[in-house]
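Q: have a look at this fold, sequence not included:
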């Protein structure tokens with residue numbers, strides 16, 4: 001009796017026998033369950049759920065112009081998810097992509113504002129691309145260095161650096177780079193500093209798709225990707241194998257920050273055509289969800305980014321056509337993300353219940 005009383009009512013156990021097919025069935029089931037739960041807030045506001053979902057799809061995919069706008073939303077999400085994936089696989093919690101995007105945008109903007117009339121179009125865009133990547137990489141290298149040298153908390157460090165980057169842009173808006181006096185606005189880029197369009201969308205989508213292939217190969221087919229995986233499994237094992245963990249952390253964070261910086265360049269040169277303090281627009285945080293839901297798989301990130309982009313774009317149409325508050329669309333998005341993340345729990349763990357007859361069942 002004493003031994004039985006020490007057995008908890010519910011225990012967690014790691015799953016080791018889940019087939020990929022069953023795992024994806026659970027993921028798809030979680031999406032369907034989330035859409036059904038989304039009926040509740042819609043019914044509470046007096047909206048037909050089927051009509052609402054139809055409007056969301058129509059507002060994001062029914063016309064070529066809607067598709068283009070949806071793709072524009074998905075591009076930075078996908079790019080930033082690719083950026084943080086190697087860090088997360090290494091279990092280095094880079095929460096600073098927002099700041100790295102911002103710093104990449106800042107340095108790209110400098111050349112767009114002050115060199116656009118002196119450098120031809122293509123060379124100027126190449127320079128903006130390179131300085132954006134280097135700026136984002138160096139910004140990410142700061143917390144990586146402190147982590148490697150003094151084992152600081154990378155979560156807090158990278159998070160706080162976001163606000164420093166945003167503050168720098170706010171200073172530039174009202175100071176050295178302010179356009180019209182008192183406007184608190186940085187001037188719009190000239191055409192020479194803007195990314196060209198391909199199929200009606202800025203060519204940043206091509207850059208990001210190239211990055212998808214690059215990151216897949218880097219993470220799965222290279223020595224550096226193997227080192228990242230080993231550190232993620234066990235830092236002690238990596239050290240025992242002779243790996244320089246500190247250098248690998250700094251190298252990986254530089255690459256992560258560089259990709260985020262490229263996203264910053266794409267955002268200012270392809271979408272906004274200017275710089276402002278909210279240039280990252282929360283992408284650095286939302287992309288964390290994209291990375292986790294895709295299980296850090298580069299190609300799966302494409303689908304997850306598009307799903308979130310469809311919801312975001314469709315939410316605007318939902319508000320216009322059905323007079324539904326945007327908060328309802330945010331609630332539906334939140335329910336979807338929660339269910340999709342929760343599905344990963346049931347894929348990786350099972351619940352074991354204690355029965356009175358001393359036998360145990362698991363879920």
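A: Perfect, I can see it now. Note that the coordinates shown come from a computational prediction; the quantities given were computed from them, not determined experimentally. Numbering: from 1, shown residues only.
Q: buried set for stretch 257-270?
A: 257-270 (16 or more other CB atoms under 10 Å). All C-beta spots, glycine's among them, are computed from the backbone N, C-alpha and C.
Q: narrow the residues you listed to those in helices?
A: 257-266 (DSSP state H).
Q: now, which of the buried residues of stretch 257-270 sits nearest residue 326?
A: Nearest to residue 326 among those is residue 267, at 21.7 Å by CB to CB.
Q: hmm, residue 102 and the closest one touching each other?
A: No. If you go by CB atoms under 8 Å, residue 267 and residue 102 don't touch, sitting 9.4 Å apart.
Q: let's have the ones in helices among the buried residues of stretch 257-270 in CSV, adding distance to residue 289 and pLDDT.
A: Formatted as CSV, these follow (distance: CB to CB, whole Å; pLDDT from 0 to 100):
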residue, distance to residue 289, pLDDT
257, 20, 98
258, 22, 98
259, 17, 98
260, 16, 98
261, 21, 98
262, 20, 98
263, 16, 98
264, 20, 98
265, 23, 98
266, 20, 98
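Q: ok, which pair from those residues is furthest apart?
A: 257 and 266 (14.9 Å).
Q: neighbours around the closest residue to residue 270 other than its chain neighbours, how many?
A: Excluding the flanking residues, the one nearest residue 270 by CB to CB, 6 or more residues apart in numbering is residue 202, at 3.2 Å. For residue 202, the count of nearby residues is 22 (other CB atoms under 10 Å).
Q: same question for residue 292.
A: Neighbours around residue 292, by other CB under 10 Å: 18.
Q: quick check: nearest residue in space to the residue nearest in space to the middle of the chain, chain neighbours excluded?
A: Per CA atoms, centre = their mean, the C-alpha nearest to the average position across the chain is that of residue 287, at 1.3 Å. Spatially, and ignoring its direct neighbours in sequence, residue 287 is nearest to residue 80 (3.6 Å; CB to CB, 6+ apart).
Q: give the buried residues for whatever helix or strand residue 36 lives in.
A: Using DSSP states H and E, residue 36 sits in helix 20-37. Neighbour counts over helix 20-37 (16+ other CB under 10 Å) mark 23, 27, 30, 33-34 as buried.
Q: which residues does it contact?
A: 53, 335-336, 338-340, 342-343, 346-347 (CB atoms under 8 Å, 6 or more residues apart in numbering).
Q: go with 10 Å
A: With contacts defined as CB atoms under 10 Å, 6 or more residues apart in numbering, helix 20-37 is touched by 15, 18-19, 49, 53, 293, 295, 300, 307, 331-348.
Q: from the residues you listed, which land in helices?
A: Per DSSP H, the subset of the contacts of helix 20-37 in helices is 49, 53, 293, 300, 307, 331-348.
Q: wait, residue 162 touches residue 155, no?
A: No. Using CB atoms under 10 Å, residue 162 makes no contact with residue 155, being 11.7 Å away.
Q: what touches both of these two?
A: Between them, residue 162 and residue 155 share the contacting residues 95-96, judged by CB under 10 Å, 6+ apart.
Q: ok, back up a step: so the residue nearest to residue 270 is in contact with residue 76, correct?
A: No. If you go by CB under 10 Å, residue 202 and residue 76 don't touch, sitting 11.1 Å apart.
Q: which neighbours do those two share?
A: Joint contacts of residue 202 and residue 76 (CB under 10 Å, 6+ apart) are 266-267, 270-271.
Q: in JSON lines: those, plus distance to residue 311.
A: JSON lines is the format used below for those (distance: CB to CB, whole Å):
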{"residue": "266", "distance to residue 311": "21"}
{"residue": "267", "distance to residue 311": "20"}
{"residue": "270", "distance to residue 311": "22"}
{"residue": "271", "distance to residue 311": "19"}
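Q: of those residues, just say which sits nearest to residue 230.
A: Closest to residue 230, out of all of the shared contacts of residue 202 and residue 76 and judged by CB to CB, is residue 266, at 31.9 Å.
Q: which residue sits closest to the closest one, ignoring its sequence neighbours?
A: residue 204 (3.6 Å).
Q: buried ones in the helix or strand hosting residue 238?
A: In this structure, residue 238 sits in helix 235-240 according to DSSP H and E. Neighbour counts over helix 235-240 (16+ other CB under 10 Å) mark residue 238 as buried.
Q: helices and strands around that helix, which ones?
A: If contacts are counted by 3 or more CB pairs under 10 Å, 6 or more residues apart in numbering; DSSP states H and E, helix 235-240 sits against helix 223-233, helix 245-266.
Q: brilliant, that's me finished.
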